[in-house]
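J.: Got a predicted structure here, sequence first:
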Amino acid sequence: ETGVTQSPTHLIKTRGQQVTLRCSSQSGHNTVSWYQQALGQGPQFIFQYYREEENGRGNFPPRFSGLQFPNYSSELNVNALELDDSALYLCASTAGGETQYFGPGTRLLVL
Amino acid sequence: DQQVKQNSPSLSVQEGRISILNCDYTNSMFDYFLWYKKYPAEGPTFLISISSIKDKNEDGRFTVFLNKSAKHLSLHIVPSQPGDSAVYFCAAISANQAGTALIFGKGTTLSVSS
C-alpha cells in the first residue's frame, strides 16, 4: 500500500510568483486536505477536497486554491506569493474516517 | 483564539520512565481526538486516537486519556524510548461537520535520554 506522496520536497520562489504543489493520496483514499505549518506552529487547515469539489476551507485568502483529479490526487496553487507563505505544506488523505494520513510535506521558501 | 492548546513546549524524560503529554481544548463540538508524532523533515505520523464516547484508548506503549468535563486529554508513553524523541501534536476534529478539518495544537517536543 502506497502512502501519501508530495512533490516537490523543497522549493524556492520570490515574492509575487505563483507555485503549484502536488499530492498523491494513499491508495483507496478519496478525500484530500491541505495544511500549512509555519515554524514553531501546528499545521493549519487550508482546505479539503472530496470527489473533486472543495469540501471545506480554513482561514486562508482566495489566492490559495486547489484542485482534485479523478484519481484523487490533488494540487495546491498559491498566487502572488508573500514572504509569510514560507512554510511546510502538508497534504493528508483519508477514506472518509476521522484519521488523516500525512505526506512528507513540501518546504516552500519565499524570498 | 486557539481551540487546541499544548501548554508545554518541551518535555525531557529518561529512558524507561513514563512520558505524559497534555492537551486542552475549548470547543465542545470536538468529538474525536488524535495524537501525531513528527520527526524533522517528515510529515506527521498518526499515533493513536480516541472518540469522545470513550475515556481511554490503549495501543501498546501508548495510552490516551480523555476527560470531557475538563476538556483535557493526555498521552502516556510507557516505557519511554530514545526513538520516541520527536514533536507530538494533539489534534481535534468535529466529525459531524462537512469539510472536517483537524485542529492542531502547537506541539510538545519530547526528548528521551538514555
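T.: Nice, I can see it.

J.: end-to-end on stretch B:5-24?
T.: 5 Å (CA to CA, to the nearest Å).

J.: How about stretch B:85-101?
T.: Distance between the boundary residues of stretch B:85-101 (CA to CA) amounts to 27 Å.

J.: Who is residue B:59 paired with across the strands?
T.: residue B:62 (DSSP bridges).

J.: give me the number of residues near it?
T.: Neighbour count of residue B:59, defined by other CB atoms under 10 Å in any protein chain shown: 10. Just so you know, the C-beta spots here come from the backbone N, C-alpha and C atoms, and that holds for glycine as well.

J.: what's the answer for residue A:70, then?
T.: Neighbours of residue A:70 (other CB under 10 Å): 7.

J.: Assess the claim that it and residue A:52 are in contact.
T.: Yes - if you go by CB atoms under 8 Å, residue A:70 and residue A:52 touch, sitting 6.9 Å apart.

J.: Need the residues touching each of these two.
T.: Counting by CB atoms under 8 Å, 6 or more residues apart in numbering or on different chains, residue A:70 and residue A:52 have no shared contacts at all.

J.: what about the residue of chain A found nearest chain B, distance to residue B:43?
T.: Going by CB to the nearest CB, chain B is nearest to residue A:56 of chain A, at 1.3 Å. Noted for residue A:56: a distance of 20 Å to residue B:43, by CB to CB, to the nearest Å.

J.: do residue A:33 as well
T.: From residue A:33 across to residue B:43, the span is 12 Å (CB to CB).

J.: how about the residues of chain B that lie near chain A?
T.: Neighbours of chain A within chain B, by CB under 8 Å from any CB of the partner chain: B:4, B:32, B:34, B:36, B:41-46, B:49, B:89, B:91, B:93, B:95, B:97-107.

J.: related to what we said a few turns ago, residue A:56 and residue B:43: who's more crowded?
T.: More crowded of residue A:56 and residue B:43, by other CB under 10 Å: residue B:43, with 22 against 16.

J.: Buried residues of stretch A:18-32, list them for me.
T.: Residues of stretch A:18-32 classed as buried: A:19, A:21-26, A:29, A:31-32 (neighbour count, 16 or more other CB atoms under 10 Å in any protein chain shown).

J.: quick one: which of the residues you listed sit in strands?
T.: Residues of the buried residues of stretch A:18-32 located in strands (DSSP state E): A:19, A:21-24, A:31-32.

J.: quick one: which two of those are the most distant?
T.: Spatially, the most separated pair among those is A:19 and A:31, at 23.0 Å (CB to CB).

J.: hey, C-alpha coordinates of the helix or strand the residue of chain A closest to chain B falls within in PDB?
T.: Here residue A:56, judged by DSSP states H and E, is contained in strand A:53-57. Output in PDB follows, covering the C-alpha atoms of strand A:53-57 (Å, rounded to 0.1, in the frame of the first residue of the first chain):
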ATOM      1  CA  GLU A  53     -15.100  19.500  -5.100                       C
ATOM      2  CA  GLU A  54     -13.900  21.800  -2.300                       C
ATOM      3  CA  ASN A  55     -15.500  20.500   0.800                       C
ATOM      4  CA  GLY A  56     -14.400  23.000   3.500                       C
ATOM      5  CA  ARG A  57     -11.900  25.800   3.800                       C
END
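
J.: Downstream of the helix or strand containing residue B:87, the next helix or strand is which one?
T.: Per DSSP H and E, residue B:87 falls inside strand B:86-93. Under the assignment DSSP H and E, the closest C-terminal helix or strand after strand B:86-93 is strand B:103-104.
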